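Undergrad: Please find the sequence and the predicted model below.
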Amino acid sequence: MSQSTSKALTAALFVGPMVYLSWRHRQNQEERRRHRDERDAERAFLSDLVSRPSMQPLRPPLPDIVRRVLGRCRFAYLSTIDVGAASSHLSLMRFTYLPEEETIIMSTNVKTKKYDMLEQQSGVALLIHDFGEQTGETAGEDGEENAKKLTGEYSITLNGTCSVVKDVVLAEEYRAAHLENNPDYPQFIVGKDIAILRVDVVTARICNINDEVIKWNVGAGSS
């Protein structure tokens, strides 16, 4: 190897990593700026609506603030009614939001109390928040990306109808999407005793850390 070639190779080995690190630094800065701009837009949107109560409830489709929170979160608390015990039942669930259908997908084992209740009722409530301590958000690169977006600012209460997806083809489509969104938890999604649930949202209440609340209702008309 000639001396000039050796020098060129040494320079490339030194400069290459420096160029990459500089590029990554710029990418991270741009990403942080984009996330900050999104948060500022969300805060301004909610505060503006709170100051104009005549604008509520919001009309379909779901506002961007709700769609973004649903897109960056994975956990929800599912509330059902235990009619026999005259009590409520609460379950921690992993969910997947399908924005093109404005539908929430979940799954559950058919040999559970929750499944028995869902077979007898359709109305449910879901509580979702984007608080950063959701440790399950951090698995894998996509999970780490979503965890960076959690702001700890919003909680959303959704009321809607929950149905067990009986159509086999549709259930498998939803299952695949749900597994892609929660790749580290196949034990809760795949299996002969795992049913797929679909929640169609009817109303939503969005609350921020300042206790400002806006409302959305599917019956308010179409935009």
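TA: Sure, I can see it.

Undergrad: So what does Ile189 have for phi and psi?
TA: phi -120, psi -40 (degrees, to the nearest 10).

Undergrad: report the longest strand in this protein, please.
TA: strand 194-208 (DSSP state E).

Undergrad: For that one, which helices and strands make contact with it?
TA: Strand 194-208 is packed against helix 3-50, helix 64-72, strand 103-109, strand 154-164, helix 168-181, strand 213-217, with contacts defined by 3 or more Cβ pairs under 8 Å, 6 or more residues apart in numbering; DSSP states H and E. For every residue, glycine as well, the C-beta is placed using N, CA and C.

Undergrad: after the second one, next one along is what?
TA: Using DSSP states H and E, the next helix or strand after helix 64-72 towards the C-terminus is strand 75-82.

Undergrad: Tell me how far the nearest residue to Ser107 once chain neighbours are set aside lies from Glu180.
TA: Of all residues not flanking Ser107 in the chain, Ile189 sits nearest, at 4.9 Å (Cβ to Cβ, 6 or more residues apart in numbering). Taking Cβ to Cβ, to the nearest Å as the measure, Ile189 falls 10 Å from Glu180.

Undergrad: and for these two, which residues touch both?
TA: Common neighbours of Ile189 and Glu180, using Cβ atoms under 8 Å, 6 or more residues apart in numbering, do not exist here.

Undergrad: so what's Thr96 up against?
TA: 104-106, 174, 177-178, 181-182.

Undergrad: please redo it, this time with the cut-off set to 6 Å
TA: By Cβ atoms under 6 Å, 6 or more residues apart in numbering, Thr96 lies in contact with 105, 177-178, 181.

Undergrad: re earlier: what's the neighbour count on the residue nearest to Ser107?
TA: 23 (other Cβ atoms under 10 Å).

Undergrad: can I assume Val69 is in contact with His129?
TA: No - between Val69 and His129 there is no contact under Cβ atoms under 6 Å: 8.2 Å.

Undergrad: any shared contact partners between the two?
TA: Counting by Cβ under 6 Å, 6+ apart, Val69 and His129 have no shared contacts at all.

Undergrad: PyMOL command for the buried members of the contacts of Thr96?
TA: Burial among the contacts of Thr96 is assessed by 16 or more other Cβ atoms under 10 Å; the matching PyMOL selection reads:
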select buried, resi 105+178+181
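
Undergrad: got the contacts of Thr96 as a markdown table, with distance to Gly123 and pLDDT columns?
TA: Below are those laid out as a markdown table (distance: Cβ to Cβ, whole Å; pLDDT from 0 to 100):
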| residue | distance to Gly123 | pLDDT |
| --- | --- | --- |
| Ile105 | 18 | 97 |
| Ala177 | 24 | 97 |
| His178 | 22 | 97 |
| Asn181 | 25 | 94 |
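
Undergrad: Tell me the one of the contacts of Thr96 nearest Arg74?
TA: Nearest to Arg74 out of these is Asn181 (Cβ to Cβ; 7.2 Å).

Undergrad: ok, for that closest one, nearest residue in space, not its chain neighbours?
TA: Here the residue nearest Asn181, using Cβ to Cβ, 6+ apart, is Thr96, at 4.1 Å.

Undergrad: check contacts around the residue nearest to Ser107.
TA: Per Cβ under 6 Å, 6+ apart, neighbours of Ile189: 107, 178-179.
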